[in-house]
Each structure stands twice: as C-alpha cells, then as structure tokens.
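**Q** only the shape, not the letters, is given here:
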C-alpha cells in the first residue's frame, strides 16, 4: 500500500476539516488522545477571559454574572449531547474515580437487598480499587469474571454491573446495549465507566437504558489535563438516587445554610463542592470542537483509522502481536500491539515525534482521535514503527521516563 | 476619627507593599476575599503557559517534563509552609468537602473502637452534611454541642473532634491549641476545616499536634474560583491512615496497573485521580503572593483591620449588631454585623463598589484579606455603610441576585 491511498482516505473524509479546530504542534504525530486530548482552538482565550476578566475584575460577582453557578449543569448538558443523554442527565463534577465511588454507593442504595457487584477481570485497576473499597464498606461481594462470562454472571443477587466500556489496554469495546439489557432483565443496575468511549463512540446512553455512568473530561473530550469529570444518571433515578459525599452544592437550597441535608431535586445532588472554574472553562470551550459533529461518523472514522493501522502493522511488522479486536465494531478508538520490547519501541517512536504510549507489561498503545488524526498520520506512524523494528532503533532508546498518565 | 488616621496605619503597615502582588480592579473595595480571593499578579501568565505551551505543545509529555505528576505534593508543600506543616504533610486534591469525607472516614478507621464524632452546633452546614453522612455509614453518633461545651464533650468514646476553625458567619476563631490538646488527652483525633483560616491565621499545625485538617484553595489562598483543596495529615499517621476513595493515583505504584490496591507510602494515599492541572497551575502561581510573608504579621494585620471596622461601625452605625467577637485574637480575618435589612444593605454596598456578602438570615459579612486590604479601604467601606444606613439607600436596592458562592 502506498501513502497515496491514505491521502485519498483523508480527502474523502467528511471529518477532515474538524482538525482545524485544534492546535497542532509541529513535528508531532499525536496518537495519545486517549490519554490527553489535544488543545482545541479557543480554549486558551476562554481560560484567559475566565482568569483575567471574570475572576480578576468581576470577582465574586461572576458566580451569577458569568453563569459559574450553572456551569456544572450547562457543561454537563453539552457532554450529554455527545454521549446521547437527555438534558439534565449529565453533570460535571470531581474526578472520574470520585464519581465512580459516589455512583457505586448510590447503586448499592438503589438495590439495598442485593449483595453482589459484578465486574470484569481486568477492568481498569483504578475502578477495581474503588469497587473493592465500596464493596468492603457496604458488605457486598465482588464477582469479577472474564468478559465472555458477564451475562452468565447476572442473577437476582446482583445490585450493579460496573464495567469500563473500553478496555484501556486492548481497546475492546463491551456490548453496552446487550449487557445493559441483560442486567435490566434481572433487576440489576448498570454503571459504565466511559473514560475511553465518551467522544469517540456513538453512545446513545438514554435510548439504551443505561442507569448510571461516569466519564473523563481530558481524554477524547479534550478538556485539558485533569479536566473535571462527569456523572450520568438516567432521569428515572433522579428522585431516588443518593450519594454519600453530601456537600453544600448538592443541597436543595445551598444558600439556606440549613443544618440538615436535603438533596437537590435534580442531578445537582450528585455534585459536592464549588466547581473548579478555571479547569471547567477549558473543558467548556473544548467542547466547541464537537459542535455539528455526528458521533456515528466519529465512531466510523475511528474504526477506519484502526483498521488501517492494523492492516499496515500486520503487513509491515509481523513481530507485533495484535492485542485489539480485529473488527472495528468491537473496538474503541484505540489499538494496541504486544511486543517484549514494547517499552523501548514506544520510546524510540516518541524520539521521532510519534507519540503513543506504553502500558505494562508489553503493550504498545495508539489512541486514534477521529477529530484530529488523519489517515496519513496513521500511515506515517506505522511506517515509523516498521522502521524502528526493522532497524533495531529501539535499542538506542535512552529515555529515562517509563510512564505517563493514563 | 478622620481618614488620615487610616492612611497613617497604611503607611506604618509592613505588609502594605504586598498589595502590589495582586490585580486590583478599579472602582472596587473588595471585602470578600473570604469567599473568593483576588487575582494575584502572574497567575494569568502561568495559566496561559500551562495551556498553550505545556498542554498545547508538549501534550502528554508534560506529566514528566513539566512536573505535573508531582504538582499535588509540590503545591501541597507550599501550602504547608503557610499553615505550619512539615514537608510531606500537605497534599492538594479534590474539593474541601470531598477531602473532609475522606479524612472523616480515615479518622473513624484510626479509632475503630470509638463511637462518637464531636462537632459544634452551627458548624458550616456542608461540613455537618458530610459528618452526618459518614456517621450514618459508619454507625457512629454525632455529638453536636455549643462551642463553649466542646471540651466538656470529650471522653473516651470520641473518635474525632471535627470543627471549622473559623465560623463562616461570625468569624469566631476556635481555640485550636486548647481543643487539640484536650482531644489528645482523651485519645481522640482532631480534624480541622481550615477553609476560613488558611492564609490569614498563623496556624502552626504541626507544632500544635493537630492530627488531620482540610482546607480551601480559593479563599484567602487566592487560588481562583473552585481552586483545588488540600489535605493535611500529621506525619505520625502516614503509615496507618487510609481513606475509602482508592483511586489509581493514591496507589504505591500507579503505573504498575495491579489489580489490588496498595496505598502509597506517603501522603499520595490521600489523593484519588488525575490532578486538575489548569486550576492547579493557578493555585501554584497564586501562592507566590505569600513568599517572604510572615503569617504572624498577617494575622496581626487582620485583627487590626477588623478592630478598625468594628470601631467605626459601632461609632457611626449603632443600628448594626456586632456578630463577631470584639477581640481580634478571637476572630479570623472577617467581621460580621446583624441587621434585619442585611440583604438589602449588602446589595446597596455592592452597587457602590463595596463588595462584602450576605449570609442568612441577617448577616452582613466582610472578609479582610491582609494581603490586599488597606486600612483606608476599611475606613471607606464603613463610611459607605454608614451612609447607606443613614440615607436609607438600601431601600433602592433592586438587585435580583440573593446569593453568591461562599
């Protein structure tokens, strides 16, 4: 295959112009948007305005004047439009792990007579830690099974099934509609971690009957390093859901300063304290990159980018073992290969400006953000990968840093 | 008293030059630094650099290249220097309420055989909600007593005494050394909420034997709206303290991606997820305003500012009822008066550019940030207050907005 073919794919790509909505640093092929999304155009200006004019000049008055008070819900609704939630079903708050903790406790409260939490062996470790902690606090049993056994693990004892929608290493995409339906059939709730699917998968959460979800603002939503995370709760649970970190901003009347906690009637009950406005302004502005973009088209392009990468790697670099599903419909927008020298190979690629990442023990991982990644980027990256393997350039890798943030 | 006298106080004030470290908006006397601190010089540039160069260009590499990974501890140590903690005793994370939740659970685990949480009637409502939630989860009893009965409420059943160091309405400052000693004497832990004292009170936490504390980044530390909060844990508890929101970044080896949670050996075990770097960069730069500043001098100036305000208000506006302690040593750096038309009075002041705030049911509250507030500001504000009361200008108050964030 020639590079021309990749260029043809770019020319035919209806999403190609969206790349202009991002600041593209020179000399880099960035395939790590699953870890930290690129900087969208307009974010720097929005943050500067938040700092210098809103905070600096209007000071405390900005909570009303500039809509800071409503920002968690307003930005939540913008994310809701991307993940297929109804208005009012998504709110921005805290970090993904804090939100997972809140929603897991909430799930056990919604199913007080049930004793089991189902998850997958190999779920994202941070999620496992939180699951184990909540289960220990609530006296529940964790039933961790392989992905293929998830539906069989469901019975009337199960309070909640909680899964990472996309496997952080392999990119394997769970059958969200099927698992959600199977859980509902036994009266169990679903709690999905959308960290690696929000912004790249056509999620359609509400229509698929998902009960609860959390997700991350800084990966494919491009909200900036450590951007605030989000919470999704289906409208049918809004009256009954409750969570344990009962901060003032989740109160029905935050300013009444009453001694007893009464949760807000809406999804504000899932937030805790004052929103981190500087980071939230970045996330808000970053979401402009999604305006007018079809999530079905985004998911299709992500699959096509992955297909191209896999085709080229298998043709050029037979020593690599594919760790991802072969079919795009079974993947999130990321691919991975195994190689015993994976760490050194990733470092050699980074030295050439091809930025993917390494995950223990031997995973070479490439995130393929459909809004910013071109087919020629994939071609060139796989060409570099071939060259690094064939020439043994990875032996020269002298980078001291083993890890970067997921 | 003439305005000259206030000017004399400013001329004699060794902290007066520190005001130049802040962006002072024109036409405003800002007495709300206890709610949202003013913008320090250099913050806008630091945030812009974080966004455009670190995120925009260096992207994922910034976690190592620009020290993002270490930022929670590095900035924590900077706060530690302000509150009198040893290096490694403070870490930046999450919001104040989330941190209070984590530390309250941690306290109950450190004292597993005890059954009571002591707090104050009238503690900050958000703290009360969290205390009640943790107590209900852990099966503990909340013993809420008036401030004067706190020491008498301590016995061998008490796991933890948790208090807001400064009362958010009245500015009353608890006897932190005395209560901490009394708690230790019965084997109870202390957990202080320093939201309204960090940055204005000479805290000296370590020397006073405080066990646990949380605090806020956006009030007197001037870290920006919703700035990340902080956690303090005395070094003697670092090996044994544990908290329930076991996220990946609190793991001993965050990148090993192991299935079981092993807490970090240091205070990283109190953090959860990826730090909100854009907001954290603002907080980091904001702390430059404290470089070389004596906290004893800051506290003394805060007391003097409050004394001046109280003197003038009592002389000029006898209808106001002082809600704060008369003696500066018993106050944080804020004062409050009661008036049945408090809300309208505050709005009339805001219309004149004198920004304090109102708290239910009748509290007119002024924050006196010693780094930014001049004695002439206090004089002028109290002069406006006198005029608003004498002329009945508050009757014209047509502001629709009743509340702003604490």
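**A** Received it, and whenever you're ready, just let me know what you need. Because the structure is predicted, anything quoted here is derived from the model rather than measured.

**Q** low pLDDT regions in chain A?
**A** Within chain A, the segments meeting pLDDT under 70 span A:397-406.

**Q** hey, where'd the helices end up in it?
**A** A:3-11, A:43-49, A:62-65, A:71-83, A:96-110, A:125-138, A:176-185, A:277-286, A:295-316, A:342-351, A:375-391 (DSSP state H).

**Q** looking at these, which one is packed in the most?
**A** Mean neighbour count (mean count of other C-beta atoms under 10 Å in any protein chain shown) peaks for helix A:277-286 among the helices of chain A, with a mean of 29. Quick note: C-beta positions are derived from backbone N, CA and C, even for glycine.

**Q** on that earlier part again, got CSV for the helices of chain A, with distance to chain B too?
**A** Rendered in CSV, the data for the helices of chain A read as follows (distance: least, C-beta to the nearest C-beta, whole Å):
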stretch, distance to chain B
helix A:3-11, 22
helix A:43-49, 5
helix A:62-65, 5
helix A:71-83, 9
helix A:96-110, 3
helix A:125-138, 3
helix A:176-185, 21
helix A:277-286, 4
helix A:295-316, 18
helix A:342-351, 8
helix A:375-391, 14
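
**Q** residues in contact with the lengthiest strand in chain A?
**A** Ranked by number of residues, the top strand in chain A under DSSP state E is strand A:158-164. Judged by C-beta atoms under 8 Å, 6 or more residues apart in numbering or on different chains, the contacts made with strand A:158-164 from elsewhere in the structure are A:100, A:104, A:107-108, A:110-111, A:114-120, A:123-124, A:127, A:131, A:140, A:143, A:150, A:154, A:174, A:179, A:183, A:186, A:188-193, A:195-196, A:212.

**Q** buried only: go through these for me.
**A** Burial of the contacts of strand A:158-164 was assessed by neighbour count (16 or more other C-beta atoms under 10 Å in any protein chain shown); the buried members are A:100, A:104, A:107-108, A:110-111, A:114-120, A:123-124, A:127, A:131, A:140, A:143, A:150, A:154, A:174, A:179, A:183, A:188-193, A:195-196, A:212.

**Q** and stretch A:158-175, how far out from the chain middle?
**A** Here stretch A:158-175 is found 12 Å from its chain centre; the criterion is C-alpha atoms, centre = their mean, to the nearest Å.

**Q** I meant to write stretch A:147-164 there.
**A** The chain centroid and the centroid of stretch A:147-164 are separated by 21 Å under C-alpha atoms, centre = their mean.

**Q** please identify the buried residues of it?
**A** By neighbour count, and taking 16+ other C-beta under 10 Å as the criterion, the buried residues in stretch A:147-164 are A:147, A:150-151, A:153-154, A:157-164.

**Q** need the max-distance pair from those residues.
**A** A:157 and A:164 (22.4 Å; C-beta to C-beta).

**Q** re the thing from before, what pairs with the longest strand of chain A, parallel or antiparallel?
**A** Based on DSSP bridges, the strands next to strand A:158-164 in the sheet, each with its direction, are strand A:116-120 (parallel), strand A:189-193 (parallel).

**Q** next, format the ones you listed as TSV and append distance to residue A:277.
**A** Formatted as TSV, these follow (distance: least, C-beta to C-beta, whole Å):
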stretch	distance to residue A:277
strand A:116-120	34
strand A:189-193	25
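
**Q** number of residues surrounding the residue nearest to residue A:311 when sequence neighbours are not counted?
**A** When the adjacent residues along the chain are set aside, residue A:311 lies closest to residue A:1, with 7.4 Å between them (C-beta to C-beta, 6 or more residues apart in numbering or on different chains). Around residue A:1 there are 12 other residues, counting by other C-beta atoms under 10 Å in any protein chain shown.

**Q** just checking, residue A:110 touches residue A:239?
**A** No - taking contact to mean C-beta atoms under 8 Å, the distance of 11.0 Å between residue A:110 and residue A:239 leaves them out of contact.

**Q** quick one: which of the buried residues of stretch A:147-164 is nearest chain B?
**A** Checking the buried residues of stretch A:147-164 against chain B by C-beta to the nearest C-beta gives residue A:164 as the nearest, at 12.3 Å.

**Q** quick one: residues contacting residue A:264.
**A** By C-beta under 8 Å, 6+ apart, the residues touching residue A:264 are A:250-252.

**Q** hmm, 10 Å instead?
**A** Contact criterion C-beta atoms under 10 Å, 6 or more residues apart in numbering or on different chains gives A:91, A:238, A:249-254, A:270-271 as the residues in contact with residue A:264.

**Q** could you find the closest non-adjacent residue to residue A:96?
**A** The spatially closest residue to residue A:96, leaving aside those adjacent along the chain, is residue A:229, at 4.3 Å (C-beta to C-beta, 6+ apart).

**Q** what bridges to the closest residue to residue A:194 other than its chain neighbours?
**A** Nearest non-adjacent residue to residue A:194, counting by C-beta to C-beta, 6+ apart: residue A:215, 3.7 Å away. For residue A:215, the residues forming beta bridges with it (DSSP bridges) are residue A:230.

**Q** and residue A:215, how many residues sit next to it?
**A** By the criterion of other C-beta under 10 Å, residue A:215 has 29 neighbours.

**Q** list the contacts of it.
**A** Residue A:215 sits next to A:79, A:82-83, A:90, A:92, A:96, A:99-100, A:165, A:192-199, A:203, A:221, A:229-232 when contact means C-beta under 10 Å, 6+ apart.

**Q** next one: residue A:85
**A** For residue A:85, the contacting residues are A:76-77, A:79, A:203-207, A:210, A:213, A:230, A:232-235, taking C-beta under 10 Å, 6+ apart as the criterion.

**Q** swap in 7 Å and give it another go.
**A** Under the criterion of C-beta atoms under 7 Å, 6 or more residues apart in numbering or on different chains, the neighbours of residue A:85 are A:205-206, A:232.

**Q** surely residue A:334 is in contact with residue A:172?
**A** No - using C-beta atoms under 7 Å, residue A:334 makes no contact with residue A:172, being 10.0 Å away.

**Q** the more surrounded of these two?
**A** residue A:334 (34 against 21).

**Q** any idea how far that one is from chain B?
**A** Distance, residue A:334 to chain B, by C-beta to the nearest C-beta, to the nearest Å: 14 Å.
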